[in-house]
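>>> Sequence below, structure please.
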Amino acid sequence: MIIMKMKAINGFFGKFRWLSNFWYLKFPIIYDDKEYKTVEHAYQAAKMVTEKHKNAIRNSNTPGQAKRLARKFPIRKDWDEIKFDIMKKLVKQKFLKNQDLKRKLLATRNAYIEETNQWGDTYWGVCRNKGENNLGKILMLVRDEINQNITINYANYLHEIKSI
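Below is the predicted model of the structure:
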């Protein structure tokens, strides 16, 4: 049996575009009891103070439009404290609800995932070799949590079979 080691994933381009928050989902994610077609739509709406602004963002035609629209509205005062946890919940939902994407994420095995970008985002990604790569970290955390859950379920299954 040949096991291939995957290199680091540096950016969500080409065959790794599906890692992007701009990826359209077959099965939408839910935030605040509303459906969102991309993680980006949900994330931008989560920043908002008013329902009117949340709905405008949710109904945006594209994730890019949702992001641009969100810049025009005031955001929650506690946003900096909660944004990492919100993003993690949304990204996790993306992969739990969309089995094709979950399989792809698991297929990256233990590859390092970096949200490499050219637009200067050093909180969620890395630009010109500088940045915190928080989106990459979240993707790796979600992958590890899904793997751990699969392992636990398999161990429980084996235990049940032995009891029969």
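
>>> Show me where this protein has its helices.
Assigned by DSSP state H, the chain shows helices spanning 39-46, 51-58, 63-70, 79-97, 99-107, 134-163.

>>> Burial-wise, tell me which of the ones you listed comes out on top.
Stretch with highest mean neighbour count among these: helix 39-46 (a mean of 26; mean count of other Cβ atoms under 10 Å). Bear in mind the C-beta positions are built from the backbone N, C-alpha and C, glycine included.

>>> now for that one, which elements pack on it?
strand 29-31, strand 34-36, helix 51-58, helix 63-70, helix 79-97 (3 or more Cβ pairs under 8 Å, 6 or more residues apart in numbering; DSSP states H and E).

>>> let's see 7 Å
strand 29-31, helix 51-58, helix 63-70, helix 79-97 (3 or more Cβ pairs under 7 Å, 6 or more residues apart in numbering; DSSP states H and E).

>>> now the last one against helix 99-107, angle please.
Right, the one you point to is helix 79-97. With axes from the mean of the first three to the mean of the last three Cα atoms, to 10 degrees defining the directions, helix 79-97 sits at 100 degrees from helix 99-107.

>>> Poorly predicted segments of the protein, please.
The chain contains residues with pLDDT under 70 at 1-6, 150-164.

>>> Which residue, other than its chain neighbours, is closest to the residue positioned nearest the centre of the chain?
With distances taken as Cα atoms, centre = their mean, Val91 lies nearest the centre of the chain, 2.6 Å away. Of all residues not flanking Val91 in the chain, Ile138 sits nearest, at 5.2 Å (Cβ to Cβ, 6 or more residues apart in numbering).

>>> from memory that neighbour sits against Met87, does it?
Yes. Here Ile138 reaches Met87: they are 5.9 Å apart, a contact under Cβ atoms under 7 Å.
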